[in-house]
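[1] My questions concern the predicted model and sequence given below.
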Amino acid sequence: DAKTTQPTSMDCAEGRAANLPCNHSTISGNEYVYWYRQIHSQGPQYIIHGLKNNETNEMASLIITEDRKSSTLILPHATLRDTAVYYCIVRVKGYGQNFVFGPGTRLSVLP
Amino acid sequence: EPEVTQTPSHQVTQMGQEVILRCVPISNHLYFYWYRQILGQKVEFLVSFYNNEISEKSEIFDDQFSVERPDGSNFTLKIRSTKLEDSAMYFCASRTGGNYNEQFFGPGTRLTVL
């Protein structure tokens, strides 16, 4: 699996967009980028995933560069409840494979 | 919205005792997983289960661990003889079949081994 690199921590002001970067320079053509988050010690929560096109859902947007070597998760209007550890995971879609979690980015949304 | 549920939320046990952690995956899901997270550390994969058998397991999942789907709804993780280092949050996850790989996680069981 491709390795991902994320900043250890980031701050964001409440109401502003939070942009969380992820580098995955060794990603292969059939690997998807998944984003999860973990609030305190709760179970990881699925946010979004994509292959090469930008994706948007009710929680966030995912922007993947054209060369697919990096991506950015965007929370358009961060709230205090978005304070969490955010994980970027690269994985082949399907086949029941497990996720490998790195240390992630600790996002602090500040009032 | 369907959710993965886990019981108990907190389990305290003595070293050497057996524990069973229970999970009810989302009803139409076919792939089931256990992960654990030691306090302050990363989420680690333990085992995946499909079609009533283990499909993949990590080095952590040694002979002390076993999984079972005893009926159509429950998915259990058994630790035969707990050690102090088994203290962790244990998360169950499930996903549908086919080409969708989003796994949905339960709230976890905090296991404390004394």
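    Good, I have the coordinates. Everything numeric in this text was worked out from a predicted model, so none of it was measured. Numbers count the residues shown, from 1 in each chain, chains lettered A, B, ... in the order given.
[2] now for the helix or strand that contains A:Tyr86, which elements pack on it?
    Using DSSP states H and E, the element containing A:Tyr86 is strand A:84-92. Applying 3 or more Cβ pairs under 8 Å, 6 or more residues apart in numbering or on different chains; DSSP states H and E, one finds that strand A:84-92 makes contact with strand A:18-23, strand A:31-38, strand A:70-75, strand A:105-110. Yep, even glycine has a C-beta here, placed from its N, CA and C like the rest.
[3] mind running it again at 6 Å?
    Judged by 3 or more Cβ pairs under 6 Å, 6 or more residues apart in numbering or on different chains; DSSP states H and E, the packing partners of strand A:84-92 are strand A:31-38, strand A:105-110.
[4] Just checking the distance from that strand to the centre of its chain.
    Per Cα atoms, centre = their mean, to the nearest Å, the displacement of strand A:84-92 from the mean C-alpha position of its chain is 5 Å.
[5] re the thing from before, in terms of mean pLDDT, which of the helices and strands packed on strand A:84-92 ranks lowest?
    Lowest mean pLDDT of the helices and strands packed on strand A:84-92: strand A:31-38, a mean of 93.
[6] can you list contacts of it?
    Strand A:31-38 has contacts (Cβ atoms under 6 Å, 6 or more residues apart in numbering or on different chains) with A:2, A:44-51, A:71, A:73, A:84-90, A:92-93.
[7] Just want the angle from it to strand A:18-23.
    Interaxial angle, strand A:31-38 versus strand A:18-23 (axes from the mean of the first three to the mean of the last three Cα atoms, to 10 degrees): 140 degrees.
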